[in-house]
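> Predicted model and sequence below, questions to follow.
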Amino acid sequence: MAHVVRELVDLRSVHSALLQLARINSPHLDIDAEAQLPHARFWIAGGLDNPNPTSYALVWLVGDELEIIDVATEACARRRGGARTLLTTLLEHYRKLGRKAAFLEVRAGNVAAITLYQHLGFENTRRRRGYYSDGEDALEMRLDLVPQPGLSETLSSHCETLT
Ligand SMILES: CC(C)(COP(=O)(O)OP(=O)(O)OC[C@H]1O[C@@H](n2cnc3c(N)ncnc32)[C@H](O)[C@@H]1OP(=O)(O)O)[C@@H](O)C(=O)NCCC(=O)NCCS
């Protein structure tokens with residue numbers, strides 16, 4: 001499936017769709033407050049014929065690194081490459097702008113997300129026991145964005161084949 005990926009500069013045009021996507025994984029996330037943060041960036045992906053996004057990502061730009069705060073794809077659009085295309089595109093974008101690494105935290109039992117991140121090259125760096133309010137552990141994962149043999153080619157080839 002073809003995906004259109006873009007950074008969202010103005011949230012207004014897709015505000016309600018974005019709220020729904022954010023509620024999937026982060027019911028308490030205040031996207032309007034996030035949008036006010038100078039280091040926060042929203043990215044969206046969707047089908048060519050769909051004005052509303054089916055996947056979104058919220059990232060923070062911190063120093064020369066990138067933190068992935070949230071990623072979600074609406075339930076009826078999963079396993080079509082939306083999140084992978086979105087993350088591949090934004091990671092390549094920030095790598096070209098000189099960001100050195102990307103980080104994230106994910107529930108240790110979230111197989112779908114962990115598999116996605118591993119396929120993008122993220123590696124486990126730490127397990128944080130009882131990190132979430134329900135007691136579940138978090139995995140910290142990291143991806144080196146410094147140009148290295150294969151990384152750019154891998155990310156670029158994903159962009160070419162999946163977008
Ligand atoms: C995790 C999530 C964002 C993946 O979105 P998606 O658009 O369905 O992902 P993609 O279609 O791009 O999948 C890319 C790859 O990730 C892996 N993957 C995705 N969903 C998976 C699943 N349910 N089980 C195992 N692997 C999975 C696969 O390797 C997949 O490639 P493949 O379909 O060719 O096998 C989605 O399941 C979601 O929104 N989950 C709820 C919110 C969430 O947990 N967000 C993560 C917060 S850290």
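Thanks, I have it.

> For whatever helix or strand T88 lives in, enumerate the helices and strands it packs against.
Here T88, judged by DSSP states H and E, is contained in helix 82-96. Contacts defined by 3 or more C-beta pairs under 8 Å, 6 or more residues apart in numbering; DSSP states H and E place helix 82-96 against strand 3-8, strand 40-47, strand 55-62, strand 65-73, helix 111-119, helix 151-162. C-beta coordinates here come from the backbone N, C-alpha and C atoms, glycine included.

> at 10 Å instead, please
Judged by 3 or more C-beta pairs under 10 Å, 6 or more residues apart in numbering; DSSP states H and E, helix 82-96 is in contact with strand 3-8, strand 40-47, strand 55-62, strand 65-73, strand 101-107, helix 111-119, strand 138-144, helix 151-162.

> distance from the centroid: which residue in this structure tops it?
G135 (23.8 Å; C-alpha atoms, centre = their mean).

> Please name the residues that touch that one.
By C-beta atoms under 10 Å, 6 or more residues apart in numbering, the contact list for G135 reads R129.

> again, but for L87
Per C-beta under 10 Å, 6+ apart, neighbours of L87: 5, 43, 45, 55, 57, 59, 68, 71, 102, 104, 116-117, 119-120, 122, 143, 155, 158.
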